[in-house]
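Q: this is a predicted model, with the sequence first.
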Amino acid sequence: AQKITQTQPGMFVQEKEAVTLDCTYDTSDPSYGLFWYKQPSSGEMIFLIYQGSYDQQNATEGRYSLNFQKARKSANLVISASQLGDSAMYFCAMREGTGYSTLTFGKGTMLLVSP
Amino acid sequence: DTEVTQTPKHLVMGMTNKKSLKCEQHMGHRAMYWYKQKAKKPPELMFVYSYEKLSINESVPSRFSPECPNSSLLNLHLHALQPEDSALYLCASSQGEGVYEQYFGPGTRLTVT
């Protein structure tokens, strides 16, 4: 079974609108972290936001917020007031455990922002 | 400063060449990673170094040889590569064990001819 599922291969949004990118995860470990990364066409993976499994509040970073629904095992990324520069591939990822562990990525969602 | 640098940005090499990719971070991170990413796919983990020791090798062919000379540097030595090894190679670092975010470099686009 996939550990990270991103069901939207592509999303379109108009500039200044909000958009939600979906991510569901699967783990039996009580301690885990969820991450969102942005990858523009230039290739660099840009860290956007982090949510820990024990965090009580949803993470926010500027225009990015993470809608964390633990019971549903979902960690959707919300981008408010989209900008043309937000056009990129977005990856949801998870790290499990308190010891050493690796990052598992979803397949990604390509977001296109139109004027 | 959350910068990870990688050189070169682009590399074209023949199947008989030997080349090296370099990665550097000055954030005091104790874990460093190499990923391989094919077009339109997520990154795939290749190697992990923790406190300058190889911690994870994801069954990578021996034509890829990682090296961690010190806590700030990570190299990937390439020898006798195949055309299917053409990809974006990403380096990343994180504070260390536990659920920490990884910071990525800009990558090296490798083409094997």
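A: Perfect, thanks for sending it.
Q: now the helices for chain B?
A: For chain B, helices defined by DSSP state H do not occur.
Q: for it, what lies in contact range of chain A?
A: B:2, B:31, B:37, B:40-43, B:45, B:48, B:50, B:55-56, B:88, B:90, B:92, B:97-107, B:109 (C-beta under 8 Å from any C-beta of the partner chain). Glycine gets a C-beta too; all of them are placed from N, C-alpha and C.
Q: only whichever of those residues are buried, select them in ChimeraX.
A: To isolate the buried members of the residues of chain B next to chain A in ChimeraX, using 16 or more other C-beta atoms under 10 Å in any protein chain shown:
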select /B:31,37,42,43,45,48,50,55,56,88,90,92,97,99,100,101,102,103,104,105,106,107,109
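Q: out of the residues of chain B next to chain A, which are inside strands?
A: Residues of the residues of chain B next to chain A located in strands (DSSP state E): B:31, B:37, B:45, B:48, B:50, B:55-56, B:88, B:90, B:92, B:103-104, B:109.
Q: what are the pairing partners of the helix-or-strand element of chain B with minimal mean pLDDT, and which direction each?
A: Counting by mean pLDDT, DSSP states H and E, the weakest-scoring helix or strand in chain B turns out to be strand B:53-57, with a mean of 89. With DSSP bridges as the test, strand B:53-57 is paired with strand B:44-50 (antiparallel).
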